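Visitor: build the 3D model from these lines:
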Amino acid sequence: MLNDPVKERWDSRTEFSSCGEVRLDQGEEMQKQAVREIVCLRRALKSGENAELKVTHPTVEGDPIREYYRLTPQGRLEVYTDSTDDHNSDQKWSFAECYTPEWLAEIPCDR
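Guide: Now for the predicted structure:
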């Protein structure tokens, strides 16, 4: 993939403390399969520290999507999504912040 600014931003980031990696199979839910990892993120949120978690899950067709959740010391959640192996997508990286998944609903989003 040439010149993907989101991937470049991911590659040049300052790494945070790792909460591990989760690999979900078709139909598995984050809040059931990653209890320990979610607790790690919540602990970082409460203590004002940073943390990262990598989650891989399949598309309906079975292609892997990788999401990287980064909790900043300010309590903001950054989500980097790597869709480069999803043959039915634009095959690019994307970025969102201040997204609160239901399994980490306590994260405040300052606007």
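Visitor: every contact and neighbour count from this point should use C-alpha atoms.
Guide: Will do.
Visitor: do a quick rundown of the strands in this structure.
Guide: Assigned strands in the chain, in chain order: 18-23, 51-58, 64-71, 77-82, 93-97 (criterion: DSSP state E).
Visitor: okay if I get those strands as CSV plus distance to Glu29?
Guide: Below are these laid out as CSV (distance: least, CA to CA, whole Å):
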stretch, distance to Glu29
strand 18-23, 10
strand 51-58, 10
strand 64-71, 14
strand 77-82, 17
strand 93-97, 21
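Visitor: want to throw the ones you listed into a markdown table with mean neighbour count?
Guide: Shown next, in a markdown table, are these (neighbours: other CA atoms under 10 Å):
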| stretch | mean neighbour count |
| --- | --- |
| strand 18-23 | 16 |
| strand 51-58 | 20 |
| strand 64-71 | 21 |
| strand 77-82 | 21 |
| strand 93-97 | 15 |
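Visitor: for Pro5, which of these is the nearest?
Guide: Judged by CA to CA, the one of the strands of the chain that comes nearest to Pro5 is strand 93-97, at 8.3 Å.
Visitor: counting by contacts, list what that closest one packs against.
Guide: helix 5-11, strand 77-82 (3 or more CA pairs under 8 Å, 6 or more residues apart in numbering; DSSP states H and E).
Visitor: outside of the first one, which residues touch it?
Guide: Residues outside helix 5-11 that contact it (CA atoms under 8 Å, 6 or more residues apart in numbering): 80, 82, 93-95.
Visitor: same check, this time on stretch 51-67
Guide: With contacts defined as CA under 8 Å, 6+ apart, stretch 51-67 is touched by 15-26, 37, 40-41, 44, 68-72, 79-87.
Visitor: so which residues make contact with stretch 91-110?
Guide: Residues beyond stretch 91-110 that count as contacts (CA under 8 Å, 6+ apart) turn out to be 1, 4, 6-7, 30-31, 38, 42, 45, 75-85.
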